[in-house]
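Chemist: Task: produce atomic coordinates for the following.
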Amino acid sequence: MTCPYCDEEIGEGDPVMDGATQTFHRECLIRAVAGSAAHQLQECSCFGGTREDAPGLTLRQGAIAAYQTFLILNAKADV
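Modeler: Numbers count the residues shown, from 1 in each chain. I've put the predicted structure just below:
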């Protein structure tokens, strides 16, 4: 099965999420909804910035970076 976002094979053991009609790598679906790491940090052109995914990253690598950013920004502090 191939991820419709990054067009890479979904391997056995890869974390996945189901979209409305297709199965994605978990990171790719979060990236498609939340935006790139730069977008989540409000540093992309949407917010007047110039930051985008680092040159040379594959779509999947950019999605992993976006997912990690999402987790950090949405972490709950243990009190």
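
Chemist: ok, Gly35 - contacts?
Modeler: Cys44, Ala66 (CB atoms under 8 Å, 6 or more residues apart in numbering). All C-beta spots, glycine's among them, are computed from the backbone N, C-alpha and C.

Chemist: And for Tyr5?
Modeler: Contacts of Tyr5 (CB under 8 Å, 6+ apart): Phe24, His25, Cys28, Leu29, Arg31, Ala32, Leu59, Ala63.

Chemist: Ramachandran angles for Thr23?
Modeler: For Thr23, the backbone dihedrals (degrees, to the nearest 10) come out as phi -100, psi 130.

Chemist: hang on, isn't it packed against Met1?
Modeler: Yes: Thr23 is within contact range of Met1, at 6.3 Å (criterion: CB atoms under 8 Å).

Chemist: Could you check which of the two has the larger neighbour count?
Modeler: Set side by side, Thr23 and Met1 show more neighbours around Thr23, with 15 against 11, by other CB atoms under 10 Å.

Chemist: Nearest residue to the more buried one in space, please, no chain neighbours.
Modeler: Val16 (5.3 Å; CB to CB, 6 or more residues apart in numbering).
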